[in-house]
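Enquirer: Sharing a sequence plus its predicted fold:
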Amino acid sequence: MTINFFKYQGTGNDFVIIDDRSERFPASDQALIERLCHRRFGIGADGLILLRSDPDYDFRMVYFNADGAEGSMCGNGGRCIVRFAHDLGLFETKTRFIAVDGEHLAEVLDDEISLKMSNVSGIEDRAGITFLNTGSPHVVRSVDDLESLDVVSEGRALRYDSAFQPGGTNVNFAQPINDHTLFVRTYERGVEDETYSCGTGVTAVALVAHQQLNMSAPVAIQTIGGNLRVSFNAKADGQYDSIYLIGPAKRVFTGTITV
Ligand SMILES: N[C@@H](CCC[C@H](N)C(=O)O)C(=O)O
């Protein structure tokens with residue numbers, strides 16, 4: 001099988017994107033998707049995204065983690081597929097698409113993409129660990145010296161902690177830099193490694209920073225792969241809406257692979 005693909009990255013979180021409006025891609029072939037994402041035996045990516053048609057939206061986003069399994073919402077992947085759809089000419093500047101967690105609005109702002117995220121119903125304390133779902137499940141942990149933290153071993157332990165089974169969770173480590181900025185490193189479920197950034201993850205960190213550090217929107221987040229901003233509306237009942245993830249998303253290369 002010959003597959004035409006596009007490689008995009010959003011602050012270093014990278015994705016194989018396929019225009020699958022024909023719906024010919026074998027989406028149930030987990031081994032194939034895992035191989036395509038493999039950094040030695042495939043194209044290499046944190047995830048794979050299908051762009052498909054939808055009767056009620058500009059397009060449908062279908063997301064797979066690097067392990068080949070269909071995943072929950074991907075914030076950086078959402079920004080990358082918006083850039084891809086814009087590159088395909090599917091819309092002018094604003095778009096409305098459907099993903100696994102529902103409808104998303106997005107806008108192209110020159111180099112940046114602003115993506116409206118799902119509302120967040122609350123921030124939980126699970127066995128003393130801060131947990132929330134921003135379209136994907138996330139733990140948020142504050143640390144003092146993030147630069148030297150062993151994110152993979154610390155992250156893996158929490159990812160598989162019994163408090164988050166079944167399904168597990170992504171794990172974000174955050175260090176405040178000033179009263180509106182944090183440095184964040186993330187261990188990602190389904191990649192089973194540290195990624196250069198995680199969009200639903202930095203969204204989670206921003207909301208926790210509001211609740212626990214009284215940071216106001218927009219919260220600036222520095223990641224290994226670049227800088228993101230998260231704006232939001234904090235409702236009286238501890239819920240959050242009008243959440244926007246804003247930052248760069250770029251095409252890296254295109255290619256054809258025969259598998
Ligand atoms: N990198 C993504 C998150 C993708 C899904 C996550 N790995 C999970 O399985 O929950 C993002 O930018 O949000």
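Expert: Yep, that arrived.

Enquirer: Can you pull the residues of the chain lying near the ligand?
Expert: Taking Cβ under 6 Å from any ligand atom as the measure of proximity, the chain contacts the ligand at 13, 65, 71-72, 74-77, 136, 170, 188-191, 198-201. Where C-beta positions appear, they are placed from N, C-alpha and C, glycine not excepted.

Enquirer: how does the protein divide into domains?
Expert: Domain assignment for the chain by automatic domain parsing gives 2-117+249-258, 124-245.

Enquirer: Check the offset of the last one from the chain's centre.
Expert: I take that to be domain 124-245. Computed by Cα atoms, centre = their mean, to the nearest Å, the chain-centroid distance of domain 124-245 equals 11 Å.

Enquirer: burial of the nearest residue to Lys250 once chain neighbours are set aside, as a residue count?
Expert: Once flanking residues are discounted, Lys250 sits nearest to Gln9: 6.1 Å by Cβ to Cβ, 6 or more residues apart in numbering. The number of residues packed around Gln9, counting by other Cβ atoms under 10 Å, is 23.

Enquirer: Follow the chain on from whichever strand or helix holds Gln9 and name the next helix or strand.
Expert: Secondary structure from DSSP states H and E places Gln9 in strand 2-10. Of the helices and strands lying after strand 2-10 in sequence (DSSP H and E), the nearest is strand 13-19.

Enquirer: Can you show me the CA trace of that next one as CSV?
Expert: Listed in CSV are the C-alpha atoms of strand 13-19, where the atom choice follows Å, rounded to 0.1, in the frame of the first residue of the first chain:
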residue,chain,number,x,y,z
ASN,A,13,4.7,17.6,19.3
ASP,A,14,4.8,16.0,15.9
PHE,A,15,2.3,14.1,13.8
VAL,A,16,1.8,12.2,10.6
ILE,A,17,-1.3,13.7,9.0
ILE,A,18,-3.2,11.9,6.2
ASP,A,19,-5.9,13.4,4.0
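
Enquirer: quick one: average pLDDT of it?
Expert: Per-residue pLDDT over strand 13-19 has a mean of 98.

Enquirer: For the next helix or strand after that strand, name the packing helices and strands.
Expert: Sequence order places helix 30-37 as the next helix or strand after strand 13-19, per DSSP H and E. Using 3 or more Cβ pairs under 8 Å, 6 or more residues apart in numbering; DSSP states H and E as the contact criterion, the secondary-structure elements in contact with helix 30-37 are strand 47-54.

Enquirer: Show residues contacting the strand it packs on.
Expert: Where contact means Cβ atoms under 8 Å, 6 or more residues apart in numbering, the residues beyond strand 47-54 that reach it are 13, 15-21, 23, 25, 27, 33, 36-37, 59-66, 71, 74, 77, 80-81, 84-85, 88, 97-98, 190-191.

Enquirer: report the longest helix in the protein, please.
Expert: helix 199-213 (DSSP state H).

Enquirer: ok, which stretches of the stretch 51-200 of the chain are helices?
Expert: Read by DSSP state H, counting those that start in this stretch, the stretch 51-200 of the chain holds these helices, from start to end of the chain: 75-87, 151-159, 199-213.

Enquirer: got a markdown table for those, with mean neighbour count and distance to Val259 too?
Expert: A markdown table is the format used below for those (neighbours: other Cβ atoms under 10 Å; distance: least, Cβ to Cβ, whole Å):
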| stretch | mean neighbour count | distance to Val259 |
| --- | --- | --- |
| helix 75-87 | 26 | 21 |
| helix 151-159 | 17 | 29 |
| helix 199-213 | 25 | 28 |
